[in-house]
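Trainee: no sequence on this one, just coordinates:
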Ligand SMILES: [Zn+2]
C-alpha cells in the first residue's frame, strides 16, 4: 500500500456530537454551486468529496 491509500481523515461537527473517520484516497473534491447542491445544503455551495474506495467510519452520533 502506498501512503495515499492508507491516509486517514477525521472530522466532527462543532458541538462534538458527531465524529467520523475516513480512511482511503479521495479521487476528487469539488465545491459545487449548482442549484441542487445549494438547495441540499441551504448555502451558496456544497463541498463534495468523491472516492470509490475510501471507508467511512462513524465514531459517534450515528443514527
Ligand atoms: Zn452541485
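Mentor: Received, thanks. Owing to the predicted nature of the structure, the values given are computational and were not obtained by experimental measurement. Residues are numbered from 1 along each chain as shown.
Trainee: low pLDDT regions in the chain?
Mentor: Along the chain, segments meeting pLDDT under 70 span 1-6.
Trainee: now the residue at minimal distance from the centre of it: which helix or strand?
Mentor: Centroid-nearest residue in the chain: residue 49, 5.6 Å away (criterion: C-alpha atoms, centre = their mean). Counting by DSSP states H and E, the element that carries residue 49 is strand 46-50.
Trainee: got the angle for the next helix or strand after that strand vs strand 46-50?
Mentor: Once the chain leaves strand 46-50, the next helix or strand it forms, by DSSP H and E, is strand 55-60. Between strand 55-60 and strand 46-50, the angle formed by their directions is 130 degrees, by axes from the mean of the first three to the mean of the last three C-alpha atoms, to 10 degrees.
Trainee: quick check: buried residues in strand 55-60?
Mentor: Within strand 55-60, no residue counts as buried by 16 or more other C-beta atoms under 10 Å. In short, each C-beta sits where N, CA and C put it, glycine included.
Trainee: what does stretch 23-43 give?
Mentor: 24, 37.
Trainee: what sits closest to residue 22 if chain neighbours are left out?
Mentor: Closest residue to residue 22 apart from its sequence neighbours, by C-beta to C-beta, 6 or more residues apart in numbering: residue 9 at 4.6 Å.
Trainee: try residue 24
Mentor: Leaving aside its sequence neighbours, residue 24 sits nearest to residue 54 (C-beta to C-beta, 6+ apart; 3.1 Å).
Trainee: neighbours around that neighbour, how many?
Mentor: 17 (other C-beta atoms under 10 Å).
Trainee: check residue 46 too.
Mentor: Residue 46: 17 neighbours (other C-beta under 10 Å).
Trainee: again, but for residue 7
Mentor: By the measure other C-beta under 10 Å, the count of residues near residue 7 is 13.
Trainee: correct me if wrong: it contacts residue 51.
Mentor: No. Between residue 7 and residue 51 there is no contact under C-beta atoms under 8 Å: 10.8 Å.
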